[in-house]
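Asker: need coordinates for the below:
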Amino acid sequence: MQKFLIVTADDFGLHEAVNDAVEQASHAGVLTAASLMVGAPAAGDAIRRAHSLPGLRVGLHVVLADGAAMLAHSLIPALTDHNGRMNNRMFVNGLRYFAVPKVRRQLEEEIRAQFAAFARTGLRLDHVNVHKHFHLHPTLLEMLLRIGTEYGVSAVRVPDEPLWFAAAAGSWMAGVAAGVNGVLLAPWVALMKYRLRSARVFYNDRIFGVAASGSMDEAKLLTILGRLPAGVTEIYLHPATLSGRVIAASMDGYHHADELAALLSPRVRAAIAAAGVGHGGYGDIPRARERHAA
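Answerer: Next up, the predicted model:
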């Protein structure tokens, strides 16, 4: 197997408009996977739809920032406000996760609760990733792997995006920022890959969607497909039938409907077919390798 492509919709369950987009894109054949927010407002609707979509591979999108927790505030007061929401102060929280034992215990309880909630859906766990790629934090990754082992985790997303795409996805200054961030994050990405290999957990070779989060339109998908390298590539998007703040307050600049249009594009579907790549979820990779070897 020279090339394998995974096309994922994140934030499955966040809003019914997201769930509707996932269903449409799965039927269209370009979208192969979705990452489920088990504590999100429309998670029940997402689970119902997922059971009716046999071609959709569903993973767990663990939420530890900017979202609703599974556990009540009284059980994890160090992680949530009185409405049960976790804030987006990732740098500060990352220091607390590393330094404060009480906070780490509550964090572990919340991660376990999200895995348990996914297990109750009856869906097969295709992969695990973390909202806003927070599992780059070594403490979170350690918990994710240790707890995930109990729930059969076999694949974890690594947010390692090629610099050429990160630079092209925005302005010149965005490209500079992407380069700086890439250099700063490189040690953490390398550590993540090492720990995943040590745990015998599979991961993607590269990803697309980080620098252009919320604006992965048809042109960007066609550019990626035209330069698709060997190995396992994951492209992730945030499709929905509505856009912006109606989906979430923190997504004011997101063009969800444009991302759905890209997933429904005949040109994108034709480009995938022309590329002659394996296409599916993480769980489909072993069979693709067997077919290639034969």
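Asker: for the host helix or strand of residue 219, the distance to its chain's centre please.
Answerer: For residue 219, the host element (DSSP states H and E) is helix 218-226. Averaging C-alpha positions (Cα atoms, centre = their mean, to the nearest Å) puts helix 218-226 19 Å from its chain's average.
Asker: got it, and stretch 229-247?
Answerer: That offset, for stretch 229-247, works out to 9 Å (Cα atoms, centre = their mean).
Asker: with stretch 210-223 instead?
Answerer: Computed by Cα atoms, centre = their mean, the chain-centroid distance of stretch 210-223 equals 15 Å.
Asker: quick one: buried residues of that stretch?
Answerer: 210, 211, 212, 213, 214, 215, 216, 218, 220, 221, 222 (16 or more other Cβ atoms under 10 Å). The way it works is simple: take the backbone N, C-alpha and C, and place the C-beta from them, glycine included.
Asker: distance to residue 31 for the residues you listed - can I get that in a markdown table?
Answerer: Conversion of the buried residues of stretch 210-223 to a markdown table gives the following (distance: Cβ to Cβ, whole Å):
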| residue | distance to residue 31 |
| --- | --- |
| 210 | 18 |
| 211 | 21 |
| 212 | 17 |
| 213 | 17 |
| 214 | 17 |
| 215 | 17 |
| 216 | 12 |
| 218 | 14 |
| 220 | 15 |
| 221 | 11 |
| 222 | 16 |
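Asker: so which of the residues you listed is the closest to residue 8?
Answerer: Of all the buried residues of stretch 210-223, residue 216 has the smallest distance to residue 8: 10.9 Å, by Cβ to Cβ.
Asker: which residue, other than its chain neighbours, is closest to that closest one?
Answerer: Sequence neighbours aside, residue 237 is the residue nearest to residue 216 in space, at 4.6 Å (criterion: Cβ to Cβ, 6 or more residues apart in numbering).
Asker: list the contacts for that neighbour?
Answerer: By Cβ atoms under 8 Å, 6 or more residues apart in numbering, the residues touching residue 237 are 7, 8, 9, 10, 209, 216, 259, 262, 263.
Asker: try residue 47
Answerer: Here residue 47 is in contact with 13, 36, 121, 123 (criterion: Cβ under 8 Å, 6+ apart).
Asker: repeat that with 7 Å
Answerer: 121, 123 (Cβ atoms under 7 Å, 6 or more residues apart in numbering).
Asker: quick revisit: how near is the residue nearest to residue 216 to residue 210?
Answerer: To residue 210, residue 237 is 12 Å away according to Cβ to Cβ, to the nearest Å.
Asker: ok, residue 94 next?
Answerer: For residue 94, the distance to residue 210 - Cβ to Cβ - is 18 Å.
Asker: ok, which stretches of the stretch 1-150 of the chain are strands?
Answerer: 3-12, 33-36, 57-62, 67-68, 85-86, 125-130 (DSSP state E, counting those that start in this stretch).
Asker: now render the ones you listed as JSON lines, adding distance to residue 139.
Answerer: Output for the strands of the stretch 1-150 of the chain, formatted as JSON lines (distance: least, Cβ to Cβ, whole Å):
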{"stretch": "strand 3-12", "distance to residue 139": "22"}
{"stretch": "strand 33-36", "distance to residue 139": "21"}
{"stretch": "strand 57-62", "distance to residue 139": "13"}
{"stretch": "strand 67-68", "distance to residue 139": "19"}
{"stretch": "strand 85-86", "distance to residue 139": "15"}
{"stretch": "strand 125-130", "distance to residue 139": "12"}
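Asker: tabulate the ones you listed (CSV), appending distance to residue 142, mean pLDDT and mean neighbour count.
Answerer: Formatted as CSV, the strands of the stretch 1-150 of the chain follow (distance: least, Cβ to Cβ, whole Å; pLDDT from 0 to 100; neighbours: other Cβ atoms under 10 Å):
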stretch, distance to residue 142, mean pLDDT, mean neighbour count
strand 3-12, 23, 97, 26
strand 33-36, 21, 98, 28
strand 57-62, 13, 98, 27
strand 67-68, 21, 92, 20
strand 85-86, 19, 92, 19
strand 125-130, 13, 97, 24
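Asker: closest one to residue 255 among those?
Answerer: Of all those, it is strand 3-12 that lies closest to residue 255, at 14.0 Å by Cβ to Cβ.
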